[in-house]
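Chemist: fold the stuff below for me.
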Amino acid sequence: MGIRRFKPVTSTLRHTVISDFAEITKSKPEKQLLRPLKSSGGRNMYGRITSRYRGGGHKRMYRLIDFKRDRIDQECTVLAIEYDPNRSARIALIQYPDSTKSYIIAPLGLKPGDKVISTLDKDVEINPGNVMPLRRIPLGAAIHNIEIRPGQGGKIARSAGISAQLIAKEGEFAFIRMPSSEVRKIFIDCRSTIGQIGNVEHETRSIGKAGRMRWKGRRPHVRGVVMNPVDHPHGGGEGKAPQGNPHPVTPWGRPTKGYKTRKKRKYSSQFIIRRRG
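Modeler: Down below sits the predicted model:
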């Protein structure tokens, strides 16, 4: 794993920094684990734009990822590490004893030939890729793909280079320090995967050119201050006018830029011990 820089033969390659994809061991995905992925272009079921500046993008298929890992006490073998165009992390192709294959998020250090297992009450080694309840994981361990409710499947910490930390256990709850530094209570019977997610160099990449964002389906984003007053509350003015509005708003008048939108009495607030930041 590493990063790749280019000779500045063009103005865009001068700034481009991407992954070298050295950890990828298989170029073609498993056909039975693919599903069609239709692009919405930012439009809802009525054809109206609800997310602006979306459209185009490269065609891609969705990889079915096993976030639940609910085949208990069946040791499986890692066959390959693959690229997934739908997420920043790499994915690992695993095979169970009955020759069934599935995809999981590839943790750091996992390589073809390794064995991984998912368990509920069995003593297994604390190795990357193994899944077990929080009650069986030692304090201080790095974890990812954490469930919020038992049996629901992993929801938390699934991006490249990410890991959360198990810092305490008390009663029916475990205390998890999130990648954002938020400390949160999670039911101790929820399961998670051991280790840090791979592709750590993802945060060092540099897009380099606008075309690379177009491949992702992102169209050019227009600032409100350069629009006309009819199009945006920040628009208008003679010459190069600043924002002007002491309370910046969206095109529809909703406060933005730091305005907190979390509900005051949201049900999950009782599980947050320390907020991020």
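
Chemist: neighbours of the residue lying closest to K68 once chain neighbours are set aside, just the number please.
Modeler: Spatial nearest neighbour of K68, chain neighbours left out: G153 (4.1 Å); criterion: C-beta to C-beta, 6 or more residues apart in numbering. Bear in mind the C-beta positions are built from the backbone N, C-alpha and C, glycine included. For G153, the neighbour count with other C-beta atoms under 10 Å is 15.

Chemist: against V17, how distant is G153?
Modeler: 33 Å (C-beta to C-beta, to the nearest Å).

Chemist: ok, now L110?
Modeler: In terms of C-beta to C-beta, L110 sits 24 Å off from V17.

Chemist: could you list the low-confidence segments of this protein?
Modeler: Within the chain, no range satisfies pLDDT under 70.

Chemist: mind doing that once more with 90?
Modeler: For the chain, applying pLDDT under 90 flags the ranges 1-2, 121-123, 244-245, 257-258, 260-261, 276-277.

Chemist: quick one: the helices in it, in order.
Modeler: Remark: helices assigned in the chain by DSSP state H are 210-215.

Chemist: could you chop it up by domain?
Modeler: With domains defined by automatic domain parsing, the chain comprises 24-203, 226-270.

Chemist: okay, the ones you listed in a markdown table with distance to S11 next?
Modeler: As requested, those are exported to a markdown table (distance: least, C-beta to C-beta, whole Å):
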| stretch | distance to S11 |
| --- | --- |
| domain 24-203 | 22 |
| domain 226-270 | 24 |
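
Chemist: of these, which stretch is the most buried?
Modeler: Each of these was assessed for mean neighbour count using mean count of other C-beta atoms under 10 Å. The highest is domain 24-203, with a mean of 17.

Chemist: wait, isn't L166 in contact with R136?
Modeler: No: contact criterion C-beta atoms under 8 Å: L166 and R136 do not qualify, at 10.6 Å.

Chemist: what's Y46 sitting at in phi/psi?
Modeler: Phi and psi for Y46, reported as degrees, to the nearest 10, are phi -90, psi 0.

Chemist: residues contacting the residue nearest to K68?
Modeler: 67-68, 147 (C-beta atoms under 8 Å, 6 or more residues apart in numbering).

Chemist: what's the distance between it and I104?
Modeler: For G153, the distance to I104 - C-beta to C-beta - is 12 Å.

Chemist: run through the bridge partners of R177.
Modeler: Q165, V183 (DSSP bridges).
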